[in-house]
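Participant: based on what follows, work out the 3D shape:
(chains A, B and C)
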Amino acid sequence: MEPFLKIDSVSKDFGGLRAVDRVSFDIERGSITSIIGPNGAGKTTIFNLITGLLRPSEGNIYFKNQKLNRLPTYRIVSMGISRTFQNLRLFTNLKVVENILVGRHLQGRANLLSIILRVPWVKIEERQNFEEAIKLINLFTLEGVAFSLTSSLPFGYQKRVAIARALATKPELLLLDEPAGGLTSQEIEEIKQVLIRVRESGVTIILVEHRMELVMDVSEKIIVLHHGRKLAEGTPKQIQEDQRVIDVYLGQI
Amino acid sequence: MEISALGQLLIQGIIQGSIYALGAIGFMIVYSISRVVNFCQGEYFMLGGMVVATSLEAGLPLWLSLFLGVIIPVFAGVITYGVIHPVRNASIMTLILITFGIAFIIRGSALLAWGTDVRRYAPFLEGEPIIFFNILVPQQGLLILGVTMLTLISLFFFFQRTLSGKAMRACAIDRLGAQIVGIKPEYKNLISFIIASLLGSIEGIFMTPITMASYDIGLTIGIKAFIAALIGGLTNPVGVMLGGFLIGILEALSSGLISSLYKTAIVVAIFLIVLSFRRTGLLGEAETGKV
Amino acid sequence: MKKTQVLITIFILILIIFPVFVTSHYFLSTLVFIAINSIAALGLFLLTGLAGQISLGQSAFFGIGAYVYAILTTKFNFPSLLTLLLLSPLGAGIMAAITGIPVLRFHGHILAVATLGLALVMYTIFVGMVSVTGGHAGISSIPHLSIGKVELNTDVHYYYLSWGLILLLLLISQNIIRSRVGRAAQSIHHILGGSEEAAMMLGINPMIYKLQMYILSAMYAGLAGGVYASYVTFVNPSPFNVLVSLMILVIIIVGGIGSMWGAVIGSVAVFLFRELMRFAIPIAFPTVGGEFEIIGWGILLIGMLLLAPGGLIQLPQHLYQKLSRKSRYK
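Facilitator: Numbers count the residues shown, from 1 in each chain, chains lettered A, B, ... in the order given. The predicted structure follows:
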């Protein structure tokens, strides 16, 4: 059976700099995988390549057997991939609930004409959108701030809004870019619980992460990148014992 | 079409184009150093021509008229800087609208001062046009080309060889880095506006004998200079200059071959076509596709 | 929420009753023009205020709407109602669809100049295609709008027509803003806090929504143009020059770019300001001609942007904040 996500010898060049160098790995459906590595190792670039913000210079990316290389981002998202950004990129001009409602965009059908003509199913769809958004707000305990502008929220809350928004697209594959960055240990524990619940609902997860508490506890597989190349791949235990990884990155752990 | 008639149009285009080239350079300087798109660029042109015309009519000696024709637009440039400075970190929309607002004020003041009359004065070099391979080149035209070359060479010298110029280029490349080594960007911003308005006034002073001036010419001149800068690639001086000449030649050719009325339409059309194919203009920096 | 609903209801009531008490031609026709401008400004709000695409091209679409009405009713005897309500906006919309696809790929300054360039080109065409548009002389004897057998030929008729239309469009716009489409448009407004990339990552194709808002805003302006032509019964290029585009932008800035009501408030404010200019400036400069009020607009624009960037609609809030800040230190 073909893997859920297949990264096949992918490279990315920026002028003279090779940010990703012939990286290959497979992701199985329903798994949680982490990509770790020092800064500049190419982790976020891999996410950008998968989601279509960048095009591979070499190699191919397959999702559910379809080649993603030349597709525009919104096409890739409609196929079932969703992602958060390291710098969040919340819609600061919109409230929390509205941010999540934008995430529901692909689940809706209302278009300009049907909205202007006030066709009845539009209202029904809006109500449904709202109910689904409330569910996500509850899942991430954002009830108190649902109608606040995101710019007024503390960082931990903003992080949760970002993940909730990505989940609103009902993805099959969720890419999280440093979900634990800037969080306290307790907040990380909460994120961990959320991730487990998300995985239980059938979503495949890939994390790019630096905080090892989260990575080691939650991942089934870890991929280590260094200078754009895949250095190692294995279970948390294997990675922790891998001498090359220790030399390059983990050291004390 | 006869070679000489075509050549005539070309020469005309190059002469007109050198004016757009200076204006485009003015845009480029302000944009690369202050990150502001200054829609007043055309108004400096208008002021230069109008002030010189009025002074000459009032009987003032040539040197004084020219002096005023430079000083007043530069003053307007300083005022432009002064109004923009407090809000220089505002959004693009705000900045665009503020420079439009200033342009309105300059234009409106010109209307109050000079009314709707068209002004003109005699070319600085009168006399027989020079004949060059069957093409008539008005002497004023040669003067314009000469002044343009001189100005461009001076600018080159300033930016490449003097400390002040190099400091400005540093600001254009990396503001933060420049600040770290002690360069004060605000001061450089001011100078960029002064240079731009200086260029505008020169254009206006030398071009008015040929094209005449009135209070409302600033808008179209400014737009064309901006289009020239964009076509050339907003941050590349050579490209920007070439953009200016290209626009000038296009205008001359469409005036001569098609109709003077549609020359604006053709310039805009070419602008849209060029930028559709190369988002950053002909010689601008290519996008690296980074996120 | 309730307070605004009460205000709006009072406003509508005043609108309805107004012509009973005020019958002067000057007042009523002024109000008609304010409503017409509001329609065009509301369109621009959807494009620039909601979706963040700066456009200086509204004058072109306003003009297209006006000329479509003028030409179809005078030269081809088309029914006026159909032309005004459907064909004028449609003509503008089609032009927007054609020009939008290349132009909307640009952002910021380049987009501003591209739309400005298009407005210039359109004006040149209005002046240049003399056989179609009559050039500078224009088209005259344009019929008023007729609904069935009733011809609307008084100021009062057009007062109710134009204000009825703007209120209807405000309602429609409100529905759009609070919908899936409105949210998608706001999500790409990168100046105010949206992000095209974040939107794409949620499955939104930004180009589609930019284009929809562009076409919609053009249709609003086209409708305004049709009403204008049928009211004034004469069109020539001068009300459709590039400066009109800038004026419409000034209207939404002055009114408040964050709210659709800014279009109406701004139209009223700009009109009042213009009358002030027309009154005051000739006193200081008795021989002045041309569009001298332009200096006033420059001052107004800069003043608003520097002092009250949220526009007049934000003013009560703005002042309240300033005053409460002062009283805290007493």
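Participant: and residue 190, how many neighbours?
Facilitator: The chain I'm using is chain A. Around A:Glu190 there are 15 other residues, counting by other CB atoms under 10 Å in any protein chain shown. Backbone N, C-alpha and C define where each C-beta goes, glycine included.
Participant: wrong one, chain C
Facilitator: 22.
Participant: could you report the distance from it to C:Glu197?
Facilitator: Applying CB to CB, to the nearest Å, the value for C:His190 to C:Glu197 is 9 Å.
Participant: identify all contacting residues around the strand or helix carrying A:Leu231.
Facilitator: Using DSSP states H and E, A:Leu231 falls within strand A:229-234. With contacts defined as CB atoms under 8 Å, 6 or more residues apart in numbering or on different chains, strand A:229-234 is touched by A:21-25, A:37, A:221-225, A:238-239, A:242, A:244-245, A:248.
Participant: only whichever of the residues you listed are buried, select them in PyMOL.
Facilitator: Burial among the contacts of strand A:229-234 is assessed by 16 or more other CB atoms under 10 Å in any protein chain shown; the matching PyMOL selection reads:
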select buried, chain A and resi 21+23+25+37+221+222+223+224+225+239+242+245+248
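Participant: chain center to the helix or strand following the strand holding A:Leu231, what's the gap?
Facilitator: Going down the chain from strand A:229-234, the next helix or strand is helix A:236-241, by DSSP H and E. Chain-centre distance of helix A:236-241: 23 Å, with CA atoms, centre = their mean, to the nearest Å.
Participant: avg pLDDT for whichever helix or strand comes after helix A:236-241?
Facilitator: Following helix A:236-241 in sequence order, the next helix or strand is helix A:243-245 (DSSP H and E). Mean pLDDT, helix A:243-245: 85.
Participant: now stretch C:263-272
Facilitator: 93.
Participant: in it, what counts as buried?
Facilitator: C:Ala263, C:Val264, C:Ile265, C:Gly266, C:Ser267, C:Val268, C:Ala269, C:Val270, C:Phe271.
Participant: got it, and stretch A:176-187?
Facilitator: A:Leu176, A:Asp177, A:Glu178, A:Pro179, A:Ala180, A:Gly181, A:Leu183, A:Glu187.
Participant: swap in stretch A:8-19?
Facilitator: Quick answer for stretch A:8-19 (16+ other CB under 10 Å): A:Asp8, A:Val10, A:Ser11, A:Lys12, A:Asp13, A:Arg18, A:Ala19.
Participant: just the closest residue of chain C to chain B, please.
Facilitator: Going by CB to the nearest CB, chain B is nearest to C:Ile295 of chain C, at 2.6 Å.
Participant: mind checking how far that residue is from chain A?
Facilitator: Distance from C:Ile295 to chain A, counting by CB to the nearest CB, to the nearest Å: 34 Å.
Participant: tally of neighbours for that residue?
Facilitator: By other CB under 10 Å, neighbour count at C:Ile295 equals 20.
Participant: quick one: residues contacting the closest residue to it other than its chain neighbours.
Facilitator: In space, and not counting its chain neighbours, C:Ile295 is closest to B:Gly108: 2.6 Å by CB to CB, 6 or more residues apart in numbering or on different chains. With contact taken as CB under 8 Å, 6+ apart, B:Gly108 is in contact with C:Phe292, C:Glu293, C:Ile294, C:Ile295, C:Gly296, C:Trp297, C:Gly298.
Participant: just those: which are in helices?
Facilitator: Here DSSP state H is the test, and the contacts of B:Gly108 give C:Ile294, C:Ile295, C:Gly296, C:Trp297, C:Gly298 as lying in helices.
Participant: for the fourth one, which non-adjacent residue is closest in space?
Facilitator: Same thing as C:Trp297. Per CB to CB, 6+ apart, closest to C:Trp297 is B:Phe104, 5.4 Å.
Participant: same check, this time on B:Ile130
Facilitator: B:Val137 is the one closest to B:Ile130 (CB to CB, 6+ apart), at 4.9 Å.
Participant: show me where the stretch 51-200 of chain A has strands.
Facilitator: A:58-63, A:66-67, A:81-83, A:173-177 (DSSP state E, counting those that start in this stretch).
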